[in-house]
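J.: give me a 3D structure for the following:
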Amino acid sequence: MALHEAKNMNTMPSFEKSPASFSFLNSLQKESYHRDGYLVLPQFINETICRLLIDRANMLIANFDASSIKVIFSTQDRRHTKNQYFLESGDKIHFFLEENAVNAQGELNTDKLYSINKIGHALHDVDPVFNCFSRMHKIACLIHDLAIADPLLVQSMYICKQPFMGGEVNCHQDNTFLYVKEQPITGLWFALEDANRENGCLWAIPGGHRIPLKSRMLRDKHHQICYETYDHTPWPLEEMVPLEVSRGSAIVLHGLLPHMSKQNLSSRSRHAYTLHVMSGQHEYAADNWLQRPADMPFRGFW
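T.: Down below sits the predicted model:
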């Protein structure tokens with residue numbers, strides 16, 4: 001689908017409207033979110049939009065020169081965080097490979113299209129299609145209902161979760177990586193394909209957002225990544241529940257909610273798109289790893 005078709009879709013942004021003009025969440029949904037720290041919204045986007053975003057990501061991957069940079073993304077081995085390609089991705093579109101996609105000689109083991117772990121971290125600002133989707137009026141209304149004042153879109157990721165090799169993502173809190181003290185970051189996770197236990201759906205600890213922040217990933221004065229750990233207590237993984245959702249569903253994630261996804265060993269991919277949103281009324285930590293140059297600050301919906 002062409003970009004001009006996307007712009008004409010009635011689910012795309014309506015910049016003349018205020019988000020306050022439409023309430024998306026009802027009182028029971030708000031209560032559920034405050035209780036559990038997450039909220040599942042089935043059929044939030046339609047199949048046409050899902051296909052549009054998948055096709056756009058595939059086009060970006062097709063145009064990416066995999067020989068120019070080979071950065072593996074893994075939450076098991078954090079060497080990627082020492083790489084400038086990773087650190088400089090806050091205002092760009094960069095590509096990160098699956099851990100098992102590259103052999104000992106640094107060559108791809110499979111087709112480039114099936115080698116990408118994720119694309120990040122400024123799709124919502126740099127790419128016209130993802131910008132158009134990320135600033136939909138419907139998403140702005142959802143954020144308004146979550147009481148996020150003066151919202152700013154901080155980070156976006158397209159996650160492929162490739163068949164047979166899509167890597168595990170360890171249990172974590174999003175505020176570890178995008179720290180906002182007063183009001184933790186809010187994550188929006190959009191299922192572009194069905195996500196279940198077989199292909200690596202999200203898992204979360206209901207009510208786990210009441211657990212204080214356990215660690216932070218920082219950028220030090222030498223522009224290197226370091227970690228601070230405040231609580232070494234293991235996560236209560238036995239309390240994890242699977243968030244199995246169908247294509248088009250959205251999941252809202254509180255910034256302190258412990259969540260994870262397991263490795264995809266199935267024959268089906270699990271494509272998803274994520275956005276992280278903060279309130280512009282609060283301070284984004286100056287030592288967060290993801291930083292923007294002065295001429296490209298975080299922007300809201302309008």
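J.: run through this structure and note the low-pLDDT ranges.
T.: For the chain, applying pLDDT under 70 flags the ranges 1-21, 69-82, 104-106.
J.: tell me where it has helices.
T.: Using DSSP state H, the helices of the chain run over 3-8, 27-36, 47-62, 84-87, 123-126, 128-134, 137-145.
J.: residue contacts, the closest residue to L153 other than its chain neighbours?
T.: Excluding its sequence neighbours, the residue lying closest to L153 (C-beta to C-beta, 6 or more residues apart in numbering) is H124, at 5.2 Å. C-betas here are computed from N, CA, C, even on glycine. When contacts are counted by C-beta atoms under 8 Å, 6 or more residues apart in numbering, H124 touches 130-131, 134-135, 153, 156, 275.
J.: change it to 7 Å
T.: Counting by C-beta atoms under 7 Å, 6 or more residues apart in numbering, H124 touches 130-131, 134, 153, 156, 275.
J.: same deal with R56?
T.: Counting by C-beta under 7 Å, 6+ apart, R56 touches 129-130.
J.: could I get the contacting residues of L253?
T.: 38, 174, 187, 189, 259.
J.: how much space separates it from E107?
T.: Distance, L253 to E107, by C-beta to C-beta, to the nearest Å: 36 Å.
J.: how about F164?
T.: Distance, F164 to E107, using C-beta to C-beta: 18 Å.
J.: which residues in the stretch 51-200 of the chain form strands?
T.: Counting by DSSP state E, counting those that start in this stretch, the stretch 51-200 of the chain has strands at residues 93-97, 116-121, 151-159, 169-172, 186-191.
J.: who are the packing partners of the shortest one?
T.: The one in question is strand 169-172. Strand 169-172 sits against strand 259-261, with contacts defined as 3 or more C-beta pairs under 7 Å, 6 or more residues apart in numbering; DSSP states H and E.
J.: ok, the longest one next?
T.: Other elements packing on strand 151-159 under the criterion 3+ C-beta pairs under 7 Å, 6+ apart are strand 116-121, helix 123-126, helix 128-134, strand 272-279.
J.: residues contacting the residue nearest to I251 when sequence neighbours are not counted?
T.: Nearest residue to I251, sequence neighbours excluded (C-beta to C-beta, 6+ apart): W189, at 4.3 Å. W189 makes contact with 202, 250-251, 253, 272, 274, according to C-beta under 7 Å, 6+ apart.
J.: likewise for M240?
T.: Contacts of M240 by C-beta under 7 Å, 6+ apart are 203-205.
J.: export those residues to TSV and tack on distance to P234 and neighbour count?
T.: Formatted as TSV, those follow (distance: C-beta to C-beta, whole Å; neighbours: other C-beta atoms under 10 Å):
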residue	distance to P234	neighbour count
W203	15	20
A204	16	25
I205	12	23
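J.: name the nearest of those residues relative to Q43.
T.: The closest of the contacts of M240 to Q43 turns out to be A204 (C-beta to C-beta; 20.1 Å).
J.: is the residue nearest to the closest one when sequence neighbours are not counted bridged to anything, and to what?
T.: With sequence-adjacent residues excluded and distances taken as C-beta to C-beta, 6+ apart, A204 is closest to H259, at 4.2 Å. H259 has these beta-bridge partners by DSSP bridges: H172, A204.
J.: measure H259 to V241 for me?
T.: Applying C-beta to C-beta to H259 and V241 gives a distance of 10 Å.
J.: comparing those two, which residue is more hemmed in?
T.: H259 (24 against 12; other C-beta atoms under 10 Å).
J.: give the contact list for that one.
T.: By C-beta under 7 Å, 6+ apart, the neighbours of H259 are 171, 202-204, 253.
J.: and with 8 Å instead?
T.: 38, 171-172, 202-205, 208, 253.
J.: then S249?
T.: Neighbour list for S249: 40-44, 190-191, 195 [criterion: C-beta under 8 Å, 6+ apart].
J.: just the buried members of those?
T.: Buried members of those, scored by 16 or more other C-beta atoms under 10 Å, are 40-41, 44, 190-191, 195.
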